[in-house]
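In: Next one to model:
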Amino acid sequence: MIELPEVYLKNMIEAGKKVFPEEMCGLLGGEEKEGVRIVKEIYVLENQDHSR
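Out: Just a heads-up that it's a prediction; the model follows:
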């Protein structure tokens with residue numbers, strides 16, 4: 001299971017709106033505790049293909 005705090009979800013949505021209509025690319029960073037992966041950071045990356 002992945003735990004995604006709401007603040008990171010909102011940040012991902014805002015980042016996606018900035019590059020729309022192109023795809024957004026990114027990386028999730030965090031830690032695992034007792035089988036649950038907890039997102040602690042998001043890294044927005046440039047889509048090199050600039051694909052839609």
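In: So the residue of the chain most remote from its centre versus Ala15, what's the distance?
Out: In the chain, Glu34 marks the outermost C-alpha relative to the chain mean, sitting 22.2 Å out by Cα atoms, centre = their mean. For Glu34, the distance to Ala15 equals 29 Å [Cβ to Cβ, to the nearest Å]. Every residue, glycine included, has its C-beta placed from N, CA and C.
In: For Ile38, which phi and psi angles does the backbone take?
Out: phi -110, psi 120 (degrees, to the nearest 10).
In: which residues does it bridge with?
Out: Beta-bridge pairing for Ile38 (DSSP bridges): Glu3, Glu31.
In: quick one, what contacts Met1?
Out: If you count contacts by Cβ atoms under 8 Å, 6 or more residues apart in numbering, Met1 has them with 35-37.
In: How confident was the prediction at it?
Out: As predicted, Met1 sits at a pLDDT of 94.
In: What's the separation between it and Val36?
Out: 5 Å.
In: Find residues that contact each of those two.
Out: Counting by Cβ under 8 Å, 6+ apart, Met1 and Val36 have no contacts in common.
In: how close does the residue farthest from the centre of the chain sit to Met1?
Out: The gap separating Glu34 from Met1 is 10 Å, by Cβ to Cβ.
In: repeat for Phe20
Out: With Cβ to Cβ as the criterion, Phe20 and Met1 are 29 Å apart.
In: for Lys40, same thing?
Out: 15 Å.
In: do Pro21 as well
Out: For Pro21, the distance to Met1 equals 31 Å [Cβ to Cβ].
In: go on, Gln48?
Out: In this view, Gln48 and Met1 are 31 Å apart by Cβ to Cβ.
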